[in-house]
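A.B. asks: Sequence first, then the predicted structure, then my questions.
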Amino acid sequence: MRLLASVGCLLVLAGLLSSAVRAEESFVPEWSKRAVWYQIFPERFRNGDPSNDPRLVDQDGSWPHSQAEPWQVHPWTSDWYRMQPYEKAHAGKDIWFHLQRRRYGGDLQGVIDKLDYLRELGIDAIYLNPVFMAPSSHKYDAYVYQHIDPTFGPDPEGDRRLIASEKPDDPSTWHWTAADKLALELIRQAHLRGIRIVFDGVFNHMGMTNPFFTDVVKNQQASPYRDWFEIKSWADPATGKKFEYQGWFGVKELPNLRQDERGIVTGPREYIYAITRRWMDPSGQGRPQEGIDGWRLDVAFCVKHAFWKDWSRLVRSINPQAYMTAEVIDTVEANKPYLEGDEFSAVMNYNFAFTCHDFFFARRHSIPASEFDSRLREIREAYDPQVAYGMQNLLGSHDTARVASNVVNADLVAMRDWHAYCEKAKGTNPEYLTRKPTPEERQRQKLAVLFQMTYVGAPMLYYGDEVGMWGGNDPCCRKPMVWEDMEYEPEATLPDQRPAPQADPVEVDRELLEHYRRCIALRKARPALQVGDYRTLLAEDRRGLFAFQRRLGEEVLVVVLNNSPSRQRLEVPVGGGSWEPVLGQGPVLKARRSGRIVLNLEGRSGLVLARRTGS
């Protein structure tokens, strides 16, 4: 704790404790309305410290439950579907077995090393997929919540010894491991750059190797943790009855924490409260600027509302400006109970992703501009007026195919048809195209990104989308990040190990990256795009044209999108004045007497105009 106090004394950052000036009090933190988010899957982002690379034994307890040798840390720059010699040595095992066993060595030092890259990209907030100790690559199967995975830090062996010396449910015995301290350093370094950090809280279930559950398995009803989990039956040699428990959606690697009318029951509830305090106020001295800035809550719909109401009060008591976003992939109506002010600040806005998919990406089953407009209005107006500005507007995540591959495969299955999408939008489906997008498909991605960065809500990028990465749903959306300083093998292999029709080069798409940078920079430079009012100006179905206005005080911007393949001449009702392009090319436009501006726009392109002051 003394170390944490000294770290806190070094951290002097204006604005991280108190919010910006607000027009009104809101349960949506003001900073979150202005944020551009970046989601990082730590094991695949950057290997900043090869000395901590994971071992085969570290994945004991995770699917596919194989400790068979040979095994090695996988080459970062290798062809994704091509099996390496160590993998081919396992006769009869296909690529899907090996993809689950692969580890690439991404760690927290890698994230620290690339904070300047994120700052230059224009990122304000990072959502980290789980970093707590766990055997899988995704780490949604936590061993404990109080410690960062040792393979993410500088001293895995030392960390394991410290963790083994603790009583896992007694905070007074908890140490700060080297990986824990590195996480605090990541938070400090991010805050110094004006970047906030949000951790992934997986509080519905834990991993099957966690010490509480393994004690239950060993001691059955004599375990002090017997009430922590959903136990269906206890082992009874006399009757032959077996020990059975409920895993998340039947997944035995993920035993559910038990719930009653208050949600998660007392034992695990107090444990979750303790780790919440630990990571939000590490020194325990009321200095939340030293800790994380909020939480993303995994499968929040699986936990009763009563728990979230109590937990969110705890979170806000520690840091009133903490951000809480829930994973609830459901209808707009189903999201409402989570967003009434006493639970979450936002949800991951999958309905935004579905709507963009249907308008920008789909061909045969695309929706017209008027329906695009009405669906957006439904999402925007469903909740407290402040909620729309803080919603995480994503186009893809670790649970979807990458945005580039969503464009390529848009007509295979609608993203909105979630359960079918999760089955079909992946490399195991022989109909799924695993190739790189064409230039025309990239234009669709660019147009969607322009909209994402100018619309109401907080845009969120999934790591690597900005450099052009592609891939189907889990696990193929979790490839190692593509960096400029590495040379990658082309993707020349299909999932069934046949040669691909053509080898796709794997490299940073500089033009796409620059497009992301320009769109993000515009958003950050124009407050009206962050927190301004919204008004639709044009939704023309026949030609796929859409235009809208963002306004904050005297600052007025108009965004015009041509979602057709052809050059279009169009008139946009702006009300008068002179308009200067601030993204896209063209002359200054003066409104006609009718209050309209006339412009020509290339196919699959957009233009952002700002009204000249005094016009």
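C.D. replies: The structure has been received and is ready for your questions. Numbering: from 1, shown residues only.

A.B. asks: just the strands in the stretch 101-250 of the chain please.
C.D. replies: With DSSP state E, counting those that start in this stretch, the ranges of strands along the stretch 101-250 of the chain come out as 125-128, 196-201, 231-233, 244-245, 247-248.

A.B. asks: Let me see the mean pLDDT of the second one.
C.D. replies: When the per-residue pLDDT values of strand 196-201 are averaged, the result is 98.

A.B. asks: With the last one instead?
C.D. replies: Per-region confidence: strand 247-248 scores 98 on mean pLDDT.

A.B. asks: by contact count, what packs against that strand?
C.D. replies: Contact analysis of strand 247-248 by 3 or more Cβ pairs under 8 Å, 6 or more residues apart in numbering; DSSP states H and E lists strand 251-255 as its packing neighbours. Backbone N, C-alpha and C define where each C-beta goes, glycine included.

A.B. asks: quick one, what contacts residue 560?
C.D. replies: Going by Cβ atoms under 8 Å, 6 or more residues apart in numbering, residue 560 touches 538, 545, 546, 547, 570, 572, 599, 601, 606, 607, 608, 609.

A.B. asks: The same query, at a cut-off of 6 Å, please.
C.D. replies: 547, 572, 607 (Cβ atoms under 6 Å, 6 or more residues apart in numbering).

A.B. asks: Residue 372 - that's part of a helix, no?
C.D. replies: Yes - in this structure, residue 372 lies within a helix as judged by DSSP: H, G, I helix; E, B strand; the rest coil.

A.B. asks: could you measure it against residue 223, distance?
C.D. replies: To residue 223, residue 372 is 54 Å away according to Cβ to Cβ, to the nearest Å.

A.B. asks: try residue 191
C.D. replies: Using Cβ to Cβ, one gets 41 Å for the distance from residue 191 to residue 223.

A.B. asks: again with residue 291
C.D. replies: Counting by Cβ to Cβ, the gap from residue 291 to residue 223 is 32 Å.

A.B. asks: between the two, who's got more neighbours?
C.D. replies: The neighbour comparison of residue 291 against residue 223 (other Cβ atoms under 10 Å) goes to residue 291, with 26 against 18.

A.B. asks: Check the contact between that one and residue 280; I expect there is one.
C.D. replies: Yes - between residue 291 and residue 280 there is a contact at 4.3 Å, judged by Cβ atoms under 6 Å.

A.B. asks: Of all the strands of the stretch 101-250 of the chain, which one is nearest residue 356?
C.D. replies: With Cβ to Cβ, the closest approach to residue 356 among those belongs to strand 125-128: 19.0 Å.

A.B. asks: Which neighbours in the sheet does the closest one have, and how are they oriented?
C.D. replies: strand 37-40 (parallel), strand 196-201 (parallel) (DSSP bridges).

A.B. asks: mind putting those strands in TSV, distance to residue 54 and mean neighbour count included?
C.D. replies: As requested, these are exported to TSV (distance: least, Cβ to Cβ, whole Å; neighbours: other Cβ atoms under 10 Å):
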stretch	distance to residue 54	mean neighbour count
strand 37-40	17	24
strand 196-201	19	24
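
A.B. asks: Would you format those as TSV with distance to residue 464 included?
C.D. replies: Converted to TSV, those look like this (distance: least, Cβ to Cβ, whole Å):
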stretch	distance to residue 464
strand 37-40	10
strand 196-201	18
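
A.B. asks: Any idea which of these gets closest to residue 30?
C.D. replies: strand 196-201 (12.2 Å).

A.B. asks: show me what contacts the nearest residue to residue 460 once chain neighbours are set aside?
C.D. replies: In this structure, residue 460 finds its nearest non-sequential neighbour in residue 37, 3.6 Å apart by Cβ to Cβ, 6 or more residues apart in numbering. By Cβ under 6 Å, 6+ apart, the contact set of residue 37 is 125, 127, 392, 458, 460.

A.B. asks: redo that, cut-off 8 Å
C.D. replies: Neighbours of residue 37 in contact, by Cβ under 8 Å, 6+ apart: 123, 124, 125, 126, 127, 392, 458, 459, 460, 461.

A.B. asks: Who is it paired with across the strands?
C.D. replies: Assigned bridge partners for residue 37, using DSSP bridges, are residue 125, residue 460.

A.B. asks: And it, how far from residue 88?
C.D. replies: From residue 37 across to residue 88, the span is 39 Å (Cβ to Cβ).

A.B. asks: go on, residue 53?
C.D. replies: For residue 53, the distance to residue 88 - Cβ to Cβ - is 21 Å.

A.B. asks: So if I had to pick from the two, which one is more boxed in?
C.D. replies: residue 53 (17 against 13).

A.B. asks: Tell me where the stretch 251-400 of the chain has strands.
C.D. replies: For the stretch 251-400 of the chain, the strands defined by DSSP E, counting those that start in this stretch occupy 251-255, 259-260, 263-264, 294-297, 323-326, 346-347, 392-394.

A.B. asks: Of the ones you listed, which stretch is the most buried?
C.D. replies: strand 346-347 (a mean of 30; mean count of other Cβ atoms under 10 Å).

A.B. asks: Any idea how far it is from the middle of the chain?
C.D. replies: The chain centroid and the centroid of strand 346-347 are separated by 12 Å, computed with Cα atoms, centre = their mean, to the nearest Å.

A.B. asks: Could you do stretch 378-394 as well?
C.D. replies: 17 Å.

A.B. asks: What of stretch 380-400?
C.D. replies: 12 Å.

A.B. asks: Over to stretch 281-297?
C.D. replies: Worked out by Cα atoms, centre = their mean, stretch 281-297 lies 20 Å from the chain centre.

A.B. asks: and if you look at stretch 275-286?
C.D. replies: Using Cα atoms, centre = their mean, the offset of stretch 275-286 from its chain centre is 24 Å.
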